[in-house]
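Participant: Sequence first, predicted coordinates after that:
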Amino acid sequence: MENRISRLAALHPGEKGRIVGVYVRDGMGQRLKDMGFEPGVEIECVLESPFGDPAAYFIKGTLIAVRKEDAEKIEVEMIFFREPQCV
């Protein structure tokens, strides 16, 4: 399976990635870094809200909800993702 670079917001429940970069500005960017959102750290999407915003991610032993607006600014290398299914 080939690794792919994507945005954190593209992960669905059960999919995992490794953070490549965090491009969130202002105080939220620093808060995310303080919670472990750093390059090289594995992250897993665990839950999506009914309308897709926010989503919950498991990172460094903690479950954290992140708004889609911020998840779009976090780049990940997908390390486990579901292949599209033919119907």
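Facilitator: That came through fine. None of the values given here were measured: they were computed from a predicted structure.
Participant: report the longest helix in the chain, please.
Facilitator: helix 26-34 (DSSP state H).
Participant: Do me a favour and average the pLDDT over it.
Facilitator: In this model, helix 26-34 carries a mean pLDDT of 89.
Participant: go on, stretch 43-57?
Facilitator: 92.
Participant: Tabulate the CA atom coordinates of it in CSV.
Facilitator: Extracted C-alpha coordinates of stretch 43-57, given in CSV (Å, rounded to 0.1, in the frame of the first residue of the first chain):
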residue,chain,number,x,y,z
ILE,A,43,-3.2,10.2,14.9
GLU,A,44,-6.4,8.2,14.4
CYS,A,45,-9.9,9.5,13.5
VAL,A,46,-12.3,7.9,15.9
LEU,A,47,-15.6,9.7,15.5
GLU,A,48,-17.3,12.1,13.2
SER,A,49,-20.2,14.2,14.3
PRO,A,50,-23.4,13.8,12.3
PHE,A,51,-22.6,16.8,10.1
GLY,A,52,-18.9,16.1,10.0
ASP,A,53,-17.8,19.0,12.2
PRO,A,54,-16.1,18.5,14.6
ALA,A,55,-14.4,15.1,14.5
ALA,A,56,-12.7,13.3,17.3
TYR,A,57,-9.1,12.1,17.0
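Participant: which residues are contacting the longest helix of the chain?
Facilitator: Identification of contacts with helix 26-34 by C-beta atoms under 8 Å, 6 or more residues apart in numbering yields 22, 23, 24, 66, 70, 74. Where C-beta positions appear, they are placed from N, C-alpha and C, glycine not excepted.
Participant: of the residues you listed, buried ones?
Facilitator: 22, 24, 66, 70, 74 (16 or more other C-beta atoms under 10 Å).
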